[in-house]
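Visitor: Fold the following and give me the result.
(2 chains)
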Amino acid sequence: MILTTPWQRRDLLGRSRTVAMVGASPNVIRPSYFVFSYLRTRGTLEVVPVNPAVQDIDGVKAYPSLAAYAAERGAPDIVDVFRKASDAPQVTREAIAAGAKAIWFQYGVVNDEAIRLADEAGLDVVVDRCIKVESARFDGGLSVGGHNSGVISSRRAASRVTT
Amino acid sequence: MEDHEFGFRTRALHAGTPPDPTTGARAMPIYLSSSFVFDSTEHAAELFALRTYGNIYSRIGNPTVAAFEERMASLEGGLGGVATASGLSAQLSAVLSIAQSGDHIVSAASLYGGTITQFSVTLKRMGIDCTLVPGDDVAGFAAAVRPNTKLIFTETIGNPLGNVADLSALARVAHDAAIPLVVDNTFATPALCRPIEWGADIVTNSATKFIGGHGTVIGGIIVESGKFPWGAKHPLLSQPSPGYHDLNFAETFGEFAFLMRARAEVLRDVGACLSPMNAWLLLQGLETLPLRMRAHVENARAIATFLQDRDEVAWINYAELDGSPYHALARRYLPGGAGAIFTFGLRGGREAGRAFIEALELWSHLANVGDAKSLVIHPASTTHQQLTDSEMTAAGVTPEMVRLSVGLEDVADLIWDLENGLRAARSAAAVRA
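Guide: As a prediction, this is how the structure comes out:
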């Protein structure tokens, strides 16, 4: 199912525990490192790099493929994709094979074939969104930065935080 | 939670201010703290590298200020906001987030006088050239765009001419040139017009005016849509930045690129931050913005109708009136009313204007607009005095022009006072004749 609303993304993040980040980079000015570092230090999702070119990022062991990730750690709840859009169908096939429950295509990773493959295989699909931003939308992070979180609530914060 | 779109009045009260997570305080607390402690050295490093969200130092961000920013972003329909010390610093920071020495901007000529000097004197000294386009012909804007033009600027409702910008047409001109449309929405406020809905990319507001609403504090805000595709034409956003260890804002922050650069580089280095105390007062103002704007417009319509029938009045520039050349644009872009600030001309020129203002008891003679109290001024001798004759003509300022900012008093009292002023103006004009 393709998740299009903020609330669907919030629920996905709330029910997920593990994230396999395909294309995670140890280069500290790369967007994927920003997202990796944010999720790791925040601690509510267990984020693991999948990248054959690196051994580890900040001490977290990297896996060369989603198959290698799944063989050792089991199926990931979310496969987060930092690859060029043309690579997305192949990554999607690997995510399906690894038993992923959801696939998350980061900003600019928009590929109709990949979206269709994932949707047909029953995965939850998020397209052209950032997993860091969507996490921050509901944990107050966006609000700290003066961003429009879309959250309206008269309940105390504990009930708003979902992860 | 079910998906639900909250309305404007609800967001004016609630956006950005859920109960305080620490204390449960329902009203937004005033976080008067210059700085904020780090959890650890790692946390500090993550914050400074912009990899996590959090407070460091109130020049760059503050919880009370952030609540104001989020509420304004919500009301304008933007991705986020960056609050500034004043409306002028909001405009300056918006321009500096996009343009640098050697660049050029295009702006409407009918603008607040302080904006004209900021663009044509101060920015010019910094190496950013500006072309002011007179009149309303959008083709004039297109013709003024050069290869190094980085943005087009306009006010929703021009000060003091009361002209209404054709926002969608200007957005098309800007986007055809791969540059953003920046709109100052001070006279309309998001209660009457939301420029982003008409294609604008960046909106500035002087929060000093209707947003605060009570004439108490100076403040400003930039809101951005998050939709503009920053590319090769805007290297400050799309190329590695030496101001932030070669970070590429567009690549790293995607739709947040402009907002992150405006805060992390421009606000950091320019230093024109909003104080938490002022942000709190502006939040109080926003709670009643939709209600106040409705009442402002109602009073302004009644007063324009009164003035229209008076012999002492030579002309009125108010887009609410049928005879205004901007009436059709106002119906389109400002269906809730063309604001509550307008100008009119007195027969008898400068002397009649002086006599009129000096005879008023209830209207305050001062250099501001958008107060809950009614205000009056003579632009040619005050707000637009620094302009050259040709700039003044292009801005629509004439010697006999009086500008009203209609407040929330009983309209009968406002009209009573204006009648006294008109009587004095008539006597002055008769003496002169």
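Visitor: quick one: contacts for the closest residue to residue B:382 other than its chain neighbours?
Guide: Among residues not flanking residue B:382 along the chain, residue B:367 sits closest, at 5.6 Å (Cβ to Cβ, 6 or more residues apart in numbering or on different chains). Backbone N, C-alpha and C define where each C-beta goes, glycine included. Contacts for residue B:367 (Cβ atoms under 8 Å, 6 or more residues apart in numbering or on different chains) come out as B:377, B:382, B:383.
Visitor: what's the closest of those residues to residue B:244?
Guide: The shortest approach to residue B:244 among the contacts of residue B:367 belongs to residue B:383, at 37.6 Å (Cβ to Cβ).
Visitor: residues touching the closest one, list them.
Guide: Residue B:383 neighbours (Cβ under 8 Å, 6+ apart): B:112, B:113, B:114, B:159, B:160, B:367, B:377, B:403.
Visitor: quick one: which of the residues you listed is nearest to residue B:204?
Guide: Set against residue B:204, the nearest of the contacts of residue B:383 by Cβ to Cβ is residue B:112 (11.2 Å).
Visitor: So the closest one sits against residue B:159, correct?
Guide: Yes: shown here, residue B:112 and residue B:159 form a contact pair, counting by Cβ atoms under 8 Å, at 4.4 Å.
Visitor: what is in contact with the two at once?
Guide: Common neighbours of residue B:112 and residue B:159 (Cβ under 8 Å, 6+ apart) are B:186, B:383.
Visitor: more crowded one of these two?
Guide: Using other Cβ atoms under 10 Å in any protein chain shown as the criterion, residue B:112 and residue B:159 rank with residue B:159 on top: 28 against 24.
Visitor: in which helix or strand would I find the more buried one?
Guide: Residue B:159 is part of no helix or strand, with elements assigned from DSSP states H and E.
Visitor: Residue B:268 now?
Guide: Going by DSSP H and E, residue B:268 is part of helix B:268-270.
Visitor: can you give me how far that helix is from the chain middle?
Guide: 21 Å (Cα atoms, centre = their mean, to the nearest Å).
Visitor: is it up against chain A anywhere?
Guide: No: taking Cβ under 8 Å from any Cβ of the partner chain as the criterion, helix B:268-270 and chain A are apart, separated by no less than 13.5 Å.
Visitor: which of the residues in that helix are buried?
Guide: Within helix B:268-270, the residues that count as buried by 16 or more other Cβ atoms under 10 Å in any protein chain shown are B:268, B:270.
Visitor: Which residues does that helix contact?
Guide: So helix B:268-270 is contacted by B:59, B:60, B:89, B:92, B:93, B:96, B:243 (Cβ under 8 Å, 6+ apart).
Visitor: re the thing from before, and the residue nearest to residue B:382, how far is that from residue B:86?
Guide: 13 Å (Cβ to Cβ, to the nearest Å).
Visitor: next one: residue B:166
Guide: Separation of residue B:166 from residue B:86 (Cβ to Cβ): 28 Å.
Visitor: which SSE is the residue nearest to residue B:382 in?
Guide: Going by DSSP H and E, residue B:367 is not part of any helix or strand.
Visitor: count of residues packed around residue 78?
Guide: Let's take chain A. Each residue near residue A:78 was counted by other Cβ under 10 Å, and the total is 25.
Visitor: think we crossed wires, I meant chain B
Guide: 28.
Visitor: nearest spatial neighbour of the residue in the stretch 51-200 of chain B positioned nearest to chain A, skipping sequence neighbours?
Guide: Among the residues of the stretch 51-200 of chain B, residue B:69 lies closest to chain A, at 3.0 Å counting by Cβ to the nearest Cβ. In space, and not counting its chain neighbours, residue B:69 is closest to residue A:146: 3.0 Å by Cβ to Cβ, 6+ apart.
Visitor: ok, the helix or strand hosting residue A:103: who's next to it in the sheet?
Guide: Using DSSP H and E, the element containing residue A:103 is strand A:102-105. Partners of strand A:102-105 in the sheet, by DSSP bridges, are strand A:78-81 (parallel), strand A:124-127 (parallel).
Visitor: Put together a markdown table for those, with mean pLDDT on each row.
Guide: Output for the strands paired with strand A:102-105, formatted as a markdown table (pLDDT from 0 to 100):
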| stretch | mean pLDDT |
| --- | --- |
| strand A:78-81 | 98 |
| strand A:124-127 | 98 |
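Visitor: Out of those strands, which is the most enclosed?
Guide: Mean neighbour counts were taken over these using mean count of other Cβ atoms under 10 Å in any protein chain shown, and the top value, a mean of 28, falls to strand A:78-81.
Visitor: helix or strand right after that strand?
Guide: Next along from strand A:78-81, by DSSP H and E: helix A:88-97.
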